[in-house]
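1. Here is the input, now give the coordinates:
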Amino acid sequence: MQVSSRRSKNYLLGATEIPSNIKRQVVSRLFWGRSNFYKNITHTSILIITIAVTLSGIVYRVSDVSAGGTALSGEYIVGSADLLTQGGSISTVLRTDNTNLSALQNRRHTVAFGETLESIAAQYNVSMDTIRWANPNLISPFTNDIQVGWDLAIPQINGVLYTVRSGQSLDDIISLTSVNNNESNLFNIVELNQLSAPYTLTPGTKLFIPGGNLFGEGFQVEGIPRGIFIDPLSSPDCDGYQYQRGFSFYHDGFDLSKWDGCTIQAVANGTVYYAGWEVLSGLAIKIDHGGGIHTYYYHLSDIYVKPGDRVQQGQAIGYMGTTGNSTGTHLHFVLKKDYIAVDPEPYVPYRK
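-> So this is what the prediction gives:
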């Protein structure tokens, strides 16, 4: 009985010593290899924490974007200019990874009853000119008149959506449309429109000029924008026309000739208010573009429009001729502001 009692006691003591033995082993291990073991534990813990934080951030960004979130990334910066400075929300900032400018015009607005160009511009936090220049086939560049039902393209930042014309270089367009003609502005235009050196431009290509303005300085007539009008003889059948005479105090426009004639186009949107015969001018067309701007087309052989017709820029309106007081087949073109003739050369891109 005594032997059995001693064995039970020894077993009991041994069992109670197991936790103590484990504790001594752990403590011994910590002190025995303190530096290596401690560093391994520390580094592993930091690595696990870093991975967890990174993964949680990625998951948050993905879920935020998929839910229509507004996380900002480097893709929304154009050159060195932060487009958020225009105000509003991140929805007004553009991505630059587009080649067809869809991001610049991905907002559409149908004009409702009671809306004005001013109210629509305020709604989208852009200028009226920005909307006007983005919709040249609808809105006159000279007035604020809009019509119910029009489907407008609304750029996301202020600027000019400019259509490249024949013979124009990037420098020409920057000079024509940019308020600040400097290296930074050039960089922003190149980045935003995804252009590649040497920046050869194809006629008809649309470029968005951030912060651009067509009402530049250095022109003698206030209220006539640059880069709005087209060549009245830009029709393909007018290739090879000749410049005959320009504006002077005794000649109120320019003369362009082609021996067999060609199609004449409206230089901008407007409303025809005269189409018929005049004693000296022969067959003539007069178009009101709004804002006191009128264009006149003289000596035609045929007329395709009538008074009251609304014409679009580039629409065929007549055919060149030599009617009236004329010495040969040509177009006599006149530009007037408030019924006063002005030199069209700074504004209408005809070829000399």
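
2. which phi and psi does Cys238 have?
-> When read as degrees, to the nearest 10, the backbone of Cys238 gives phi -100, psi 0.

3. residue contacts, it?
-> Lys258, Cys262, Thr263, Met320 (CB atoms under 8 Å, 6 or more residues apart in numbering). Where C-beta positions appear, they are placed from N, C-alpha and C, glycine not excepted.

4. Give me the subset of the residues you listed lying in strands.
-> Thr263, Met320 (DSSP state E).

5. Where does pLDDT dip in the chain?
-> Under the criterion pLDDT under 70, the flagged ranges of the chain are 1-43, 45, 53-106, 178-184, 216-222, 352.

6. Kindly state the domain boundaries assigned to it.
-> If you go by automatic domain parsing, the domain ranges for the chain are 2-63, 83-210, 236-342.

7. Tell me which of those domains sits nearest to Gly223.
-> Nearest to Gly223, of all the domains of the chain, is domain 236-342, at 6.2 Å by CB to CB.

8. what distance separates the start and the end of that closest one?
-> Chord length of domain 236-342, first to last residue, is 27 Å (CA to CA, to the nearest Å).

9. Next: stretch 256-269.
-> The first-to-last residue distance of stretch 256-269 comes to 21 Å (CA to CA).

10. Would you indicate which residues of it are buried?
-> Leu256, Ser257, Lys258, Gly261, Cys262, Thr263, Ile264, Gln265, Ala266, Val267, Ala268, Asn269 (16 or more other CB atoms under 10 Å).

11. before we move on, back to that, I'd like the domains of the chain written out as TSV, with distance to Arg226 added.
-> Compiled in TSV, these are given as follows (distance: least, CB to CB, whole Å):
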stretch	distance to Arg226
domain 2-63	44
domain 83-210	5
domain 236-342	12
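
12. if we can go back for a sec, which of the contacts of Cys238 sits closest to Phe215?
-> Of all the contacts of Cys238, Phe215 sits closest to Thr263, with 30.3 Å by CB to CB.

13. Correct me if wrong: the closest one contacts Asp239.
-> No. Counting by CB atoms under 8 Å, Thr263 sits too far from Asp239 to count as a contact (11.3 Å).

14. Report the contact partners of Asp309.
-> With contact set as CB under 8 Å, 6+ apart, Asp309 has these partners: Thr271, Val272, Ala275.

15. Does the last one touch Ser281 like I think?
-> No. Counting by CB under 8 Å, Ala275 sits too far from Ser281 to count as a contact (11.9 Å).

16. I'd like to know how many residues surround Ile209.
-> Ile209 has 25 neighbours, counted by other CB atoms under 10 Å.

17. Look up phi and psi at it.
-> The phi and psi values for Ile209, taken as degrees, to the nearest 10, are phi -100, psi 100.

18. just the one 5 residues further on next, same as before
-> Backbone geometry at Leu214, expressed as degrees, to the nearest 10, gives phi -90, psi -10.

19. Just want the phi and psi numbers for the nearest residue to it once chain neighbours are set aside.
-> Of all residues not flanking Leu214 in the chain, Pro225 sits nearest, at 3.8 Å (CB to CB, 6 or more residues apart in numbering). Pro225 adopts backbone torsions of phi -80, psi 160, taken as degrees, to the nearest 10.

20. and if you look at Asp343?
-> phi -70, psi 120.

21. partner strands of the strand ranked longest in the chain, parallel or antiparallel?
-> Ranked by number of residues, the top strand in the chain under DSSP E is strand 293-303. Strand 293-303 has its sheet partners listed here by DSSP bridges as strand 282-290 (antiparallel), strand 316-320 (antiparallel), strand 330-337 (antiparallel).

22. What residues sit buried inside that strand?
-> Under the neighbour-count rule (16+ other CB under 10 Å), strand 293-303 has Ile293, His294, Thr295, Tyr296, Tyr297, Tyr298, His299, Leu300, Ile303 buried.

23. which residues sit against the helix or strand following that strand?
-> Next helix or strand after strand 293-303 toward the C-terminus (DSSP states H and E): strand 310-311. Applying CB under 8 Å, 6+ apart, the external contacts of strand 310-311 come out as Ala266, Asn269, Gly270, Thr271, Val272, Ile287, Val305, Ile317.
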